[in-house]
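S.K.: A structural model of the following input is requested.
(chains A and B)
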There are 2 protein chains.
Amino acid sequence: MNEPRLIAVDWGTSSFRLWVLDRDARVISESRGGDGMLFAAREGFGNVLLRHLNAAKAPADQPILICGMAGARSGWAEAGYVETPAELSAISQGAISAPGIKRDIRILPGLCQRTAGRPDVMRGEETQLLGAAAAITERALVCMPGTHSKWVTVDEGRVEGFSTYMTGELYDAITKHTILAAPDKTVGEGADSASFKDAVRAAFAQPGRVTSQLFAARSGQLLNGATPAAALAHISGTLIGAEIGGATGSDNRHKIRLVASGSMRALYESALTTVGIAHESIDADDAVRKGLATAASEIWS
Amino acid sequence: MNEPRLIAVDWGTSSFRLWVLDRDARVISESRGGDGMLFAAREGFGNVLLRHLNAAKAPADQPILICGMAGARSGWAEAGYVETPAELSAISQGAISAPGIKRDIRILPGLCQRTAGRPDVMRGEETQLLGAAAAITERALVCMPGTHSKWVTVDEGRVEGFSTYMTGELYDAITKHTILAAPDKTVGEGADSASFKDAVRAAFAQPGRVTSQLFAARSGQLLNGATPAAALAHISGTLIGAEIGGATGSDNRHKIRLVASGSMRALYESALTTVGIAHESIDADDAVRKGLATAASEIWS
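M.R.: A predicted model of the protein is given here:
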């Protein structure tokens, strides 16, 4: 194990992850929690950070680099946006210093797109992208699924443009707050189920019918005796299939790079395979750590 | 004013409307309330009905005909579904008697579609359709907007098929339970605003990008200083534009019949005009009363 060289933090809306990394971006120790931006805005960002530094036994003499919602207007300090099209190397140049703590702490900016009619923003994913970019040598469409899935066109370290799909958040709102809400503690059928794959296939073929196909989750229960678990898989497959259909459009000849981990990775790998789109997976946790390490080497070079 | 001949009831999920009608389906008196199926399931359907009969001073010797969610499995008594394709005249044949009250009370069934991959149901709209059908002489695509918008293909009194779009309910869930939620009491810009029309146009052109275009409600506020009221109009326009795009598809040459009232009618008329689709409006309240009167004349002939 090498010496610690960087404290890397991915600070999301509702999650916090801190890693002590060595010079090769390998993990020496870590600390995770649910104290994301929403929580930290009440308790104080500095306090939350100090608690995790202690929990990870982080050294006091190494710099700290943060990406994600800590840099939002309602976060710790506003880190602004780098405007696309942009070189990924511009991200580290936009870093700002965090106030209130006597340590060298920087927060990375997000990316924004001001194209008329398609304004868009991201915060955190640009750092994943920076970490994943080393493995992407040709022009590529990168999918980063989640609460707000990002689809990014990257070419030789340059971000050309991107689109956000509200897939994860719509899934939550629909399955909690509409007639499609499932009974408490129902777990949806998985990425390999016919309910999921059939919904992916149908929504991919006709993404314009997504708000109609969702309702079949209810009709299928009323008419065909579909289970609540199958209905959840139908909703998930519908939203993911429509996302893939909308994002790839006519431009689906090149291979997709999927930056994801865990169950999200399983769902999107199954969905892409179901509709016959070639893809290659890059671990999302790995990518964000590599991105933070890359940006750190540019900031403190 | 003629003698009362029918007590007509439209019993929705969260609303109740009762009219005392004469032989020409003109309104003699009425009573309305928020005691729809969800409320009545707790208080008792008979009790709710009796209260409204009193409020409208309804005669005791006339029959009562009900359409809507009172006939759902979780309603007063299950009235089942007539399966499409179906003649509209089959609706009255599927009426059942309501239990527990010594009066002649009938509940109309809904419509269902068992087409593989596109299961769908409606309850209440089939009666609006029956009432509107007299004004529809050629093959037509009928749009009945609402919480769950219905698009129905009708030809000479025969329902060929239909699709539900969850437009109204998604609007509620998105504007209350996601990052796009507006501050309390914000009222969205209206059907004539540029925010609404631009969103309709963009979503109609690319309905497959609907779950992405929604997010621009947020990006537009962060990047372009769009107001919360404009964001609400953007969300509404996006969902309605995608609905129209998905429902008309390649089949948008014939005129749309829009069965709607009030603000819903204004939104859809503006949206259809914005994307250049010819349409003719039929008042929804009128249509449901006429539909109940038509069915009554078939039941009690």
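
S.K.: where does chain A have low pLDDT?
M.R.: Residue ranges of chain A with pLDDT under 70: A:1, A:250-254.

S.K.: Okay, helices next: where are they in it?
M.R.: Counting by DSSP state H, the segments of chain A that form helices are A:37-43, A:45-55, A:90-93, A:125-132, A:167-177, A:194-205, A:210-213, A:216-224, A:228-248, A:262-274, A:284-299.

S.K.: closest to B:Ala226 out of these?
M.R.: Comparison of those against B:Ala226 by Cβ to Cβ identifies helix A:167-177 as nearest, at 19.2 Å. C-beta coordinates here come from the backbone N, C-alpha and C atoms, glycine included.

S.K.: Can the closest one be said to contact chain B?
M.R.: Yes: counting by Cβ under 8 Å from any Cβ of the partner chain, contacts between helix A:167-177 and chain B involve A:Thr167, A:Glu169, A:Leu170, A:Asp172, A:Ala173, A:Ile174, A:Lys176, A:His177.

S.K.: most surrounded residue in those?
M.R.: A:Leu170 (29 neighbours; other Cβ atoms under 10 Å in any protein chain shown).

S.K.: What residues does that residue make contact with?
M.R.: Contact analysis of A:Leu170 by Cβ atoms under 8 Å, 6 or more residues apart in numbering or on different chains lists A:Leu239, B:Leu170, B:Ile174, B:Thr178, B:Thr211, B:Leu214.

S.K.: try 10 Å this time
M.R.: Contact partners of A:Leu170, counting by Cβ atoms under 10 Å, 6 or more residues apart in numbering or on different chains, are A:147-148, A:210-211, A:214, A:235, A:238-239, A:242-243, B:170, B:173-174, B:177-178, B:210-211, B:214-215.

S.K.: Next: A:Ser29.
M.R.: For A:Ser29, the residues meeting the contact criterion (Cβ under 10 Å, 6+ apart) are A:Pro4, A:Ile7, A:Leu18, A:Trp19, A:Val20, A:Leu21, A:Ala55, A:Ala56, A:Lys57, A:Ala58, A:Pro59.

S.K.: State the distance from it to A:Gly12.
M.R.: For A:Ser29, the distance to A:Gly12 equals 20 Å [Cβ to Cβ, to the nearest Å].

S.K.: Wait, A:Gly94 touches A:Leu88, no?
M.R.: No: if you go by Cβ atoms under 10 Å, A:Gly94 and A:Leu88 don't touch, sitting 11.4 Å apart.

S.K.: Setting aside sequence neighbours, what's the nearest residue to A:Arg26?
M.R.: In this structure, A:Arg26 finds its nearest non-sequential neighbour in A:Asn2, 7.3 Å apart by Cβ to Cβ, 6 or more residues apart in numbering or on different chains.

S.K.: got a list of what that neighbour touches?
M.R.: Per Cβ under 10 Å, 6+ apart, neighbours of A:Asn2: A:Leu21, A:Asp22, A:Arg23, A:Asp24, A:Arg26, A:Ile28.

S.K.: Of the contacts of A:Ser29, just the buried ones, PyMOL syntax please.
M.R.: Burial among the contacts of A:Ser29 is assessed by 16 or more other Cβ atoms under 10 Å in any protein chain shown; the matching PyMOL selection reads:
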select buried, chain A and resi 4+7+18+19+20+21+56+58
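
S.K.: Chain B: which of the contacts of A:Ser29 is nearest?
M.R.: Looking at the contacts of A:Ser29 and their distance to chain B, the nearest is A:Leu18, at 24.4 Å (Cβ to the nearest Cβ).

S.K.: Which single residue of the stretch 51-200 of chain A approaches chain B most closely?
M.R.: A:Pro119 (4.0 Å).

S.K.: Got the phi and psi for that residue?
M.R.: As for A:Pro119, its main-chain torsions (degrees, to the nearest 10) stand at phi -60, psi 140.

S.K.: so what's it closest to, chain neighbours aside?
M.R.: Setting aside the residues directly before and after it, A:Pro119 is nearest to B:Ser219 in space (Cβ to Cβ, 6+ apart), at 4.0 Å.

S.K.: Kindly report the same for A:Ala8.
M.R.: Distance criterion Cβ to Cβ, 6+ apart; nearest residue to A:Ala8, sequence neighbours excluded, is A:Leu292 at 3.8 Å.

S.K.: which ones are touching the one you found?
M.R.: Counting by Cβ under 10 Å, 6+ apart, A:Leu292 has contacts A:6-10, A:19, A:21, A:25, A:64-67, A:92, A:108, A:127-128, A:130-131.

S.K.: do A:Gly241 as well
M.R.: If a contact means Cβ under 10 Å, 6+ apart, then A:Gly241 has A:196-207, A:210, A:213, A:271, A:274-275 as its contacts.

S.K.: Among these, name the buried ones.
M.R.: Restricting the contacts of A:Gly241 to buried positions leaves A:196-204, A:206-207, A:210, A:213, A:271, A:274-275, with burial counted as 16+ other Cβ under 10 Å.

S.K.: Contacting chain B as well, which ones from the residues you listed?
M.R.: With respect to chain B, and counting by Cβ under 10 Å from any Cβ of the partner chain, the subset of the buried ones among the contacts of A:Gly241 in contact is A:Asp198, A:Ala199, A:Arg201, A:Ala202, A:Ala203, A:Phe204, A:Gln206, A:Pro207, A:Val210, A:Gln213.

S.K.: Closest to chain B out of the residues you listed?
M.R.: Closest approach between these and chain B, by Cβ to the nearest Cβ: A:Pro207, at 3.1 Å.

S.K.: Could you pull up the residues touching that closest one?
M.R.: Residues A:213, A:238, A:241-249, B:206-211, B:242, B:246 are the ones in contact with A:Pro207 under the rule Cβ under 10 Å, 6+ apart.

S.K.: Could you turn the buried ones of those residues into a ChimeraX selection?
M.R.: Command for ChimeraX that selects the buried part of the contacts of A:Pro207, burial taken from 16+ other Cβ under 10 Å:
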select /A:213,238,241,242,243,244,245,246,247,248 /B:206,207,208,209,210,211,242,246
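
S.K.: returning to that earlier point: who's more crowded, A:Gly94 and A:Leu88?
M.R.: The neighbour comparison of A:Gly94 against A:Leu88 (other Cβ under 10 Å) goes to A:Leu88, with 23 against 20.

S.K.: Tell me which residues touch the more buried one, please.
M.R.: For A:Leu88, the contact set (Cβ under 10 Å, 6+ apart) comprises A:82, A:111, A:126-127, A:129-133, A:154, A:156-159, A:291, A:294-295.

S.K.: Count residues in the vicinity of the closest residue to A:Gly291 other than its chain neighbours, would you?
M.R.: Once its chain neighbours are removed from consideration, A:Gly291 has its nearest residue in A:Gly131; the separation is 3.2 Å (Cβ to Cβ, 6+ apart). A:Gly131 is surrounded by 27 other residues when neighbours are defined as other Cβ under 10 Å.

S.K.: Surely A:Gly131 is in contact with A:Ser297?
M.R.: No: applying Cβ under 10 Å, one finds A:Gly131 not in contact with A:Ser297, separated by 11.9 Å.

S.K.: who touches both of those two?
M.R.: Overlap between the contact sets of A:Gly131 and A:Ser297, as judged by Cβ under 10 Å, 6+ apart, is given by A:Ala25.
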